[in-house]
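K.L.:
requesting a structural model of the entry that follows:
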Amino acid sequence: MDGRTIIWTLTALRQRNTIFEYWNKRNASKSYARKLNGQIRDRLSLLKQNPEIGIQTTVKGVRALSMKHYSIFYSFDNSTIQIVSFWDNRQNPERLLQLLKQT
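P.N.:
Okay, here's the model as predicted:
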């Protein structure tokens, strides 16, 4: 079932964009952010093909798909995959747990 639609929550979009902005500013270039965006697209393509690929988290219905220093947290049903968080794994994990419980 690769016909699922990917939906990003506003929180996940903000997180992703903040990470892109950080790297753009730090490197004074958009090249790494573009590379990271390509990796995200690749992971989402894989996720669309097999939504159960991610590891079940302690939050019911939320799975995590790892991407080196980042994780994509998502939930899914028969027609959609909802990205609830795009997380930099180097951040405080307690903050992530609070965020996921709000979904």
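
K.L.:
quick check, central residue of this structure?
P.N.:
Ile72 (2.6 Å; C-alpha atoms, centre = their mean).

K.L.:
bridging residues for that residue?
P.N.:
Leu65, Phe86 (DSSP bridges).

K.L.:
how near is the residue of the chain positioned farthest from its centre to Ile19?
P.N.:
Distance from the centre of the chain peaks at Ala28, with 24.0 Å (C-alpha atoms, centre = their mean). Counting by C-beta to C-beta, to the nearest Å, the separation of Ala28 from Ile19 is 16 Å. Using the backbone N, CA and C atoms, a C-beta is placed for each residue, glycine as well.

K.L.:
if we can go back for a sec, and the pLDDT at the residue nearest to the centre of the chain?
P.N.:
If you check Ile72, the pLDDT there is 97.

K.L.:
do the same with the one 4 residues further on
P.N.:
Per-residue confidence at Phe76 stands at 96 (pLDDT).

K.L.:
neighbours around it, how many?
P.N.:
Using other C-beta atoms under 10 Å, the number of residues around Phe76 comes to 21.
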